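S.K.: Predicted model and sequence below, questions to follow.
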Amino acid sequence: MSSTTIRMARAPDGTLTYAVPLAPQALPPVTPRALLAAWDTARDSVRLAERQRHAALVDPIWPDVSFSRWGPPRILHFQPEDGEPTRLAITDRDAGAWADAIDSAHGLESLVGMTLCLRLLALVDALSHMKWLAPLFSISARGITFNPSLLAAAATMSLDAGARFDEGGLRRILSRPLPSTPNPDQPKGLPGGRPTA
C-alpha cells in the first residue's frame, strides 16, 4: 500500500494540489482501529483549532492563524492509468480542518494518509446525510460511539468516484444482523468543527 507515490505541489496562494495515480474507488481498505485513531487525531486537532479561534475572538492581539486552524485548500487529482481522471476539492472549513489533522499525522503524500483522510471525510459525510444510520452511532456528553459494524464498513468498503460511500452499498453491508451494544472503546467527538467537551 505504501509504494504508490502521490505528488504534491504548493501554489503561491497556499493551495495544495495532490496527484494520485489511482481512482478513488481503488484506494485500499484500512483497519477499523486505524480509522478510529484518525477520528481521534482529527477531533483533537479541531478542538485545538476551536480554542485558538475563541482566543482570537476574545483577544484581538491574537495572531490571525486561519491556515493553521483550518488548513489550506486542497485539490486532489486522481489519475488512474486506465481510467478517467477525477478532480476533487477540499475547501470546506470543517473538512479542511479534518484533512489538515490527518496530513499532520500521516502526510497526505502517503497512500495511507490519503486513504485515511478520504475514508474519514466519507464517514463524516455519511453520518450527516444518511439519516437511517442514526441507530448505528450515539452522541452523548462523552462524544460519539460507533456500532462496530458501521466502523468496519467505513474502514473496508470501496469509495465511489466522488470519494464517498455509496448509500446502497452501505445499506447492503449493514443489512446483516448488528451487535446490539456499541463498542465502548470509541473516539469522543463530533464531526466537523463542533466537538463535544
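M.R.: Structure received.

S.K.: By mean pLDDT, which helix or strand of this protein comes out lowest?
M.R.: helix 66-70 (a mean of 53; mean pLDDT, DSSP states H and E).

S.K.: Give me the residues contacting the next helix or strand after it.
M.R.: Later in the chain than helix 66-70, the nearest helix or strand by DSSP states H and E is strand 74-78. The contact list for strand 74-78, computed with C-beta atoms under 8 Å, 6 or more residues apart in numbering, reads 15-20, 22-24, 85-91, 96, 99, 108, 114, 163. For the C-beta atoms, the positions are set from N, CA and C on the backbone; glycine is no exception.

S.K.: do the same with stretch 123-134
M.R.: 35, 39, 95, 98, 137, 150, 154, 164-165, 167, 170-171, 191-192.

S.K.: from the chain's centre, how far out does the longest helix seen in the chain sit?
M.R.: When the chain is parsed with DSSP state H, its longest helix is helix 32-58. The chain centre lies 12 Å from the centre of helix 32-58; the measure is C-alpha atoms, centre = their mean, to the nearest Å.

S.K.: any idea of the mean pLDDT for that helix?
M.R.: Across helix 32-58, pLDDT averages out at 77.

S.K.: residues in contact with Thr5?
M.R.: Shown in contact with Thr5 (C-beta under 8 Å, 6+ apart): Pro21.

S.K.: I'd like the distance between it and Val30.
M.R.: Thr5 sits 19 Å away from Val30, going by C-beta to C-beta, to the nearest Å.

S.K.: for the chain, what spans make up the strands?
M.R.: For the chain, the strands defined by DSSP state E cover 7-10, 16-20, 74-78, 86-90, 137-140, 143-146.
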